[in-house]
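> Could you look at this predicted model? Sequence included:
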Amino acid sequence: MDTITSRMDGVLISPIKIIPNENGDVLHGLKASEDAFVSFGEAYFSIVHKDKRKGWKKHTRMTLNLVVPVGEIGFILFDDREGSGTYAKFFEISLSRKNYCRLTVPPGIWMAFYGKGADENILLNIASIPHDPEESINLPLINDHIKYQWQ
């Protein structure tokens, strides 16, 4: 399976398999043998309703591995890592069953996301470390640091 480097330093997009089955498909998430695997801390689901937004959040130690098995979710990433080749740049991608990929986000990148699908939109995060509220930073969607133009 090929991993694609995104237009943002350190962010990976990995096409992952859907194995069709007449009784219900099997949707891959992450294997320990893949380049995107750093370590395992925990896995959790997050639901976002249509046109609702969550973010901005930046993890200082956690690597995110995001998969959208249900619905469609738009992700916006912002790079404020000084010295990065994509400093002050945005990267956007939508994930769904039609674009079934894993988005790997290293520590230090801001992320927000929003529901695009009509019903529930569910993401799975296979995180490299267990949740620790001390290792992340949050900002409101509208703030003076990230100048994103919400539609």
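Okay, I see it.
> And for Lys147, the neighbour number?
10 (other Cβ atoms under 10 Å). Bear in mind the C-beta positions are built from the backbone N, C-alpha and C, glycine included.
> which residues does Ile73 bridge with?
Taking DSSP bridges as the rule, Ile73 bridges to Leu95, Gly115.
> show me the contacts for the closest residue to Lys89 other than its chain neighbours.
Distances taken as Cβ to Cβ, 6 or more residues apart in numbering place Asp79 nearest to Lys89, at 5.4 Å, with adjacent residues excluded. Applying Cβ atoms under 8 Å, 6 or more residues apart in numbering to Asp79 gives the contacts 8-9, 86-91, 108-110.
> And the pLDDT for Asp79?
pLDDT recorded at Asp79 is 97.
> Numbering from 140 from now on, please.
With 140 as the first residue, the last one maps to Asp218.
> Quickly find the element holding the residue positioned nearest the centre of the chain.
Nearest to the mean C-alpha position of the chain, counting by Cα atoms, centre = their mean, stands Leu205 at 4.2 Å. Leu205 belongs to strand 203-209 when assigned by DSSP states H and E.
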